[in-house]
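S.K.: can't give you the sequence, but here's the structure:
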């Protein structure tokens, strides 16, 4: 008869969260088993070390970095933050290209990719969609029982993974395509 430890080990889902950025892309890997979350790894993919490099090289760094993370940590699914339109159209375009490279890295390793808005992620992790970055970092550390708060980009990626883990239960279940939202609060279907 399986023990609780072996049951949870066999039903755990490993999730890769990604917070795309052209200079810094955060990543976070967690395992979800029921309502239990376990931290695996987090960090950042840097594309501009040693000065600015041409855009195609930076996109390749993102693509290769995501593939390497997947090869090392073997997640079952990826969760990526959706891009909001910035005031500067050029910045939005560059961020969209970085996001495309990150998504291509995941699908090239046969992962399904779920996408979440910043509002959905903050709602799932902090409980309100207008939470500040510091609040997200603090709650990520608490939810994953980390000894300290992770760096901002890594915390955002871990928050994205946590949002996906909660996607089928609790607040996350309410963030589907038919959920109504007002002032950062989920109102339900």
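M.R.: Yep, it's here. Only a predicted model underlies this, so the values are computations on that prediction, with no experimental measurement involved.

S.K.: For the rest of this, base every contact and every neighbour count on C-alpha atoms.
M.R.: Fine.

S.K.: So what does residue 14 look like in phi/psi?
M.R.: Reported as degrees, to the nearest 10, the phi and psi values for residue 14 are phi -90, psi 130.

S.K.: isn't it right up against residue 28?
M.R.: No - the criterion here is Cα atoms under 8 Å, and residue 14 misses it with residue 28 at 10.4 Å.

S.K.: Ramachandran coordinates for residue 15?
M.R.: Main-chain dihedrals, residue 15, degrees, to the nearest 10: phi -120, psi 130.

S.K.: How about the contacts made by it?
M.R.: By Cα atoms under 8 Å, 6 or more residues apart in numbering, the contact list for residue 15 reads 29, 30, 31, 32, 75, 76, 77, 78, 79, 161, 164, 165.

S.K.: please redo it, this time with the cut-off set to 7 Å
M.R.: Taking Cα atoms under 7 Å, 6 or more residues apart in numbering as the criterion, residue 15 is in contact with 29, 30, 31, 75, 76, 77, 78, 161.

S.K.: And residue 41, by the same measure?
M.R.: 28, 29.

S.K.: The nearest residue to residue 20 once chain neighbours are set aside and residue 21: what is the separation?
M.R.: Of all residues not flanking residue 20 in the chain, residue 99 sits nearest, at 5.3 Å (Cα to Cα, 6 or more residues apart in numbering). For residue 99, the distance to residue 21 equals 7 Å [Cα to Cα, to the nearest Å].

S.K.: Next, count neighbours for the nearest residue to residue 81 once chain neighbours are set aside.
M.R.: Nearest non-adjacent residue to residue 81, counting by Cα to Cα, 6+ apart: residue 116, 5.1 Å away. By other Cα atoms under 10 Å, 19 other residues sit near residue 116.
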